[in-house]
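Student: Output the structure for:
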Amino acid sequence: MATFTKADFKRLQWNIGLLVILLAIGGSSIFYAMQLQETANRTHRQVEAGRNEIRAKLSRAQDEEKELREKIARYQQLNDRGIIGQEHRLDWVERIRAIKQERNLIDLQYELAPQAPLDATIVPNTGTGVELMSSPMKLQMQLLHEGDLLGFIGDLNRDVQAFIRVKQCDVTRIPITPRERGAPPQLRADCELDWITLRDKR
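Tutor: Numbering: from 1, shown residues only. Below is the predicted model:
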């Protein structure tokens with residue numbers, strides 16, 4: 001059985017010391033490498049987060065640009081139709097008269113009230129810099145059938161420089177009475193409409 005003597009220990013102490021130093025250096029190197037790896041990972045995460053933020057901002061900017069272009073195009077369409085700005089009452093009256101003649105409507109009476117801001121409970125303020133205005137109209141018609149009323153309102157929606165909103169419409173049957181000539185009216189319509197236009201807020 002081998003035994004270590006003081007002489008043996010003296011011969012080995014430098015080797016042991018060197019081993020300890022090498023182990024310390026190795027441990028420090030491993031720790032430093034781990035720190036470098038963590039720093040690299042943290043930097044990578046920060047760079048990736050920055051890229052994602054830039055992509056998100058770019059996507060939002062593109063969406064906002066698209067939305068703005070659509071709003072401009074829609075505004076231009078409305079402006080071209082004459083819906084933005086002052087109402088065109090004389091044109092409205094002329095178009096009502098023309099539709100009555102074109103559709104051979106039996107009787108048509110109406111009354112347009114003064115223009116006023118549209119009730120905010122119907123269409124909330126959108127913050128777009130334009131204001132919705134309404135010219136209420138009471139309409140009475142005698143009809144041969146429901147198609148006369150639907151056709152009249154459809155023509156208005158297609159041709160006039162305004163949005164037509166039907167608030168309510170009551171259609172009742174008219175008692176048949178002898179007439180000298182022509183088909184007698186079968187129905188009576190009592191309606192309330194809104195002629196809606198837009199104007200820039202002052």
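Student: what is the mean pLDDT for stretch 168-188?
Tutor: When the per-residue pLDDT values of stretch 168-188 are averaged, the result is 78.
Student: how about the strands of this protein, start to end?
Tutor: 107-112, 116-117, 130-143, 163-173, 187-200 (DSSP state E).
Student: could you redo those strands as TSV and give each row mean neighbour count and distance to Gln86?
Tutor: Heads up, the C-betas are built off the backbone N, CA and C, glycines and all. As requested, these are exported to TSV (neighbours: other CB atoms under 10 Å; distance: least, CB to CB, whole Å):
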stretch	mean neighbour count	distance to Gln86
strand 107-112	13	14
strand 116-117	10	14
strand 130-143	18	10
strand 163-173	13	15
strand 187-200	18	7
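Student: now for the ones you listed, which one comes closest to Arg51?
Tutor: Arg51 lies closest to strand 130-143 among those, at 39.4 Å (CB to CB).
Student: Give me the angle between that closest one and strand 163-173.
Tutor: 20 degrees (axes from the mean of the first three to the mean of the last three CA atoms, to 10 degrees).
Student: Show the average pLDDT along strand 130-143.
Tutor: For strand 130-143, mean pLDDT rounds to 88.
Student: With stretch 110-118 instead?
Tutor: Per-residue pLDDT values over stretch 110-118 give a mean of 89.
Student: Run through who's touching that stretch.
Tutor: Contact partners of stretch 110-118, identified using CB atoms under 8 Å, 6 or more residues apart in numbering, comprise 87, 89, 92, 96, 131-140, 194-197.
Student: just to revisit the earlier point, and Ile21, which of the strands of the chain is closest to it?
Tutor: Proximity to Ile21, assessed across the strands of the chain by CB to CB, is greatest for strand 130-143 (81.6 Å).
Student: between the closest one and strand 107-112, how big is the angle?
Tutor: 160 degrees.
Student: what ranges do the helices span in the protein?
Tutor: Counting by DSSP state H, the segments of the chain that form helices are 6-80, 89-102, 146-159.
Student: rank those helices by pLDDT, which is bottom?
Tutor: Comparing the helices of the chain by mean pLDDT, the weakest confidence falls on helix 6-80, with a mean of 70.
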